[in-house]
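*Asks:* pasting the structure only:
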């Protein structure tokens, strides 16, 4: 058997076995720390499902405060800030206005978001935070938050939105899931080489 034939057989074997190894890449991104009460809950900037899930957890008594970060919002026809949209959704979800806080500093990445959240937590004297984000974003978020909060004495719990449309077992079968998976790995690499 020639080298070219052997290489073709190996490539064919890898292609045919993709159902065995591709799910690993989606599953690896998703982590869920044990759900424990915290002093504040923070849905990371992104889709409304993060805010809605955080509001449900708040209503279950998992935190005393609900915190919104602020990120640039460039949507046609929307005249509100991102944090105002979060506030509206949180209030609709049952979060009392007096328990809602906004971090006014604009953040442009998860790393900047973690830094802003740490400043607020230290200013408030909090010792625990519950971070809510999309499932595919949980491992990178925990990595970033552990780095930013490592010496703070503030406990971080990272929880995925549940239920969610992300399916780590079959991520390649859906264009949105495939995009999220590939982007997360690229962002992990960027974070690893120091791009924040």
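*Replies:* Sure thing, it's come through. Quantities reported herein were computed from a predicted structural model and do not represent experimental measurements. Numbers count the residues shown, from 1 in each chain.
*Asks:* partners of the strand or helix carrying residue 132 in the sheet?
*Replies:* Applying DSSP states H and E as the criterion places residue 132 in strand 128-133. With DSSP bridges as the test, strand 128-133 is paired with strand 38-43 (parallel), strand 155-160 (parallel).
*Asks:* Run through who's touching the last one.
*Replies:* Looking back up the chat, that one is strand 155-160. 30-36, 38, 53, 57, 127-135, 138, 141-142, 145-146, 149 (C-beta atoms under 8 Å, 6 or more residues apart in numbering). All C-beta atoms are positioned from the backbone trio N, CA, C, and that covers glycine.
*Asks:* can you check the first one too?
*Replies:* For strand 38-43, the external contacting residues (C-beta under 8 Å, 6+ apart) are 50-51, 53-54, 57-58, 62-69, 86, 101, 117, 121, 124, 126-133, 155, 157.
*Asks:* right, and the helix or strand after it?
*Replies:* Counting by DSSP H and E, what follows strand 38-43 is helix 48-59.
*Asks:* tell me which strands and helices that next one is in contact with?
*Replies:* strand 38-43, strand 63-70, helix 82-92, strand 128-133 (3 or more C-beta pairs under 8 Å, 6 or more residues apart in numbering; DSSP states H and E).
*Asks:* Mind listing what's buried along the third one?
*Replies:* When you say that, I think you mean helix 82-92. Residues 82-83, 85-87, 89-90 are the ones in helix 82-92 that count as buried (16 or more other C-beta atoms under 10 Å).
*Asks:* again with stretch 40-50
*Replies:* Under 16+ other C-beta under 10 Å, the buried positions of stretch 40-50 are 40-46, 49-50.
*Asks:* Go through those residues and say which is closest to residue 182.
*Replies:* residue 46 (16.8 Å; C-beta to C-beta).
*Asks:* what's the spatially closest residue to the closest one that is not a sequence neighbour in contact with, if anything?
*Replies:* Leaving aside its chain neighbours, residue 46 sits nearest to residue 134 (6.2 Å; criterion: C-beta to C-beta, 6 or more residues apart in numbering). Counting by C-beta under 8 Å, 6+ apart, residue 134 makes contact with 46-47, 49-50, 160-161, 164, 166, 180.
*Asks:* want to throw these into TSV with distance to residue 25?
*Replies:* Formatted as TSV, those follow (distance: C-beta to C-beta, whole Å):
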residue	distance to residue 25
46	21
47	22
49	22
50	22
160	16
161	20
164	17
166	13
180	11
